[in-house]
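[1] Need a 3D model of the sequence below.
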Amino acid sequence: MSTIHVEFNQSPAFMPIYKAALFGKRKKFRAGDVIPEMSSTWNGAKANPEKLAGYRTVCGLEDSTHWPLLYPHVLTSALHLAMMSNTAFPFKLLGAVHARNHCIQHQRIANDAVVDLSCQSVTLRLVKQGAEFDIATRVQVGDALVWEGLSTYLIRGKYKEFGEQPEWTKLPDLGEEVETATWKVPAGQGRRYAKVCGDYNPIHISKILAKMFGFKRDLIHGMWSAAKSISNCPALPGEAQRFDVQFKGPVFMESSVEMKRESTGDTHRFDLYTGKDPRPCLVAKLAPAQAGETIG
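    As a prediction, the model looks like this:
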């Protein structure tokens, strides 16, 4: 099995990534194949103050001296895409769907912190919906692990033999006693979010291009919906926090969203719904993390 490592000294540019994704030739994936061992790093990374402030604004988050819980995903998403656009990767990047995300913040990260970012492909599974793979992310300040995440991407397809998603990724249903919050996704919000996160995937910034990829119109980034939802949860008391989210369906631009939340102590379990669809488009849980807790 080949091993591929890419090292950056600044945030990767997205345009070369999308160029490689569109025009790079790759071997078609077949059942029984494995993904190569891939990793990427960016040591000495810092958050751009203007983009960090813009992220808070576009997600409806309050100002703070520390990074928002999901901001490390913003800084490392280009590292993920750089690996996935490599021609040794057996899937087309633009066919990948962000299916799940899990993260644990062990310590708060100061706005001006200098961090080391590392990402690694870890698991490939065949499931009923297709092939899904995980990318693990670590954020360190010096020798201290301050944040870790696991992002799962799905490539839709049909295979004769497949297994199940890991049991630990599943969340319990909401109870009957819930609090609700509603908002409308503003027109052009995909472009505004892309400006601060760098992800200009065409399905998020253009109605026409989104239709070319099979959607009825442009849709907002899933991680924007996740961050917006967190802003509607009571603040957790400590530094150590865990967030688990599953993306079940699209949230279109200019759509109305209803969030249903069930809180037990400092644990908040919530679902998002759009339009008249009785099925949630996002299910998630925000809770304090335990000492020594890891993902999985």
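[2] sec struct for Glu148, please.
    Classification of Glu148 using DSSP: H, G, I helix; E, B strand; the rest coil returns strand.
[3] Provide a list of residues in contact with it.
    Glu148 is in contact with Cys103, Ile104, His106, Ala136, Thr137, Arg138, Val139, Thr294, Ile295, counting by CB atoms under 8 Å, 6 or more residues apart in numbering. C-beta coordinates here come from the backbone N, C-alpha and C atoms, glycine included.
[4] For the last one, what are phi and psi?
    This means Ile295. Note on Ile295: its backbone torsions stand at phi -80, psi 140 [degrees, to the nearest 10].
[5] Hmm, it is touching Ile104, no?
    Yes - checked against CB atoms under 8 Å, the pair Ile295 and Ile104 is within contact range at 6.1 Å.
[6] and for the two, which residues touch both?
    Common neighbours of Ile295 and Ile104 (CB under 8 Å, 6+ apart) are Glu148, Gly149.
[7] between these two, who's got more neighbours?
    Ile104 (21 against 17; other CB atoms under 10 Å).
[8] Could you check the pLDDT of that one?
    pLDDT, Ile104: 98.
[9] about what we covered before: separate out the buried members of the contacts of Glu148.
    Cys103, Ile104, His106, Ala136, Thr137, Arg138, Val139, Ile295 (16 or more other CB atoms under 10 Å).
[10] how about Gln246, secondary structure?
    strand.
[11] contacting residues for Ser229?
    Going by CB under 8 Å, 6+ apart, Ser229 touches Met259, Phe270, Leu272, Leu282, Ala284.
[12] That one - that's part of a helix, no?
    Yes - under three-state DSSP, Ser229 falls within a helix.
[13] same question for the longest helix seen in the chain, mean pLDDT?
    Criterion DSSP state H: the longest helix present in the chain is helix 71-84. Helix 71-84 shows a mean pLDDT of 92.
[14] From here on, call the first residue 56.
    Shifting the count to begin at 56 puts that one at helix 126-139.
[15] Show residues contacting it.
    With CB under 8 Å, 6+ apart as the test, helix 126-139 has contacts from 59, 61, 63, 66-69, 72, 76, 93-97, 100, 102, 107, 110, 144, 146, 148, 151, 156, 158, 164, 172, 174, 176, 190, 192, 194, 202, 204, 206, 208, 251-254, 278.
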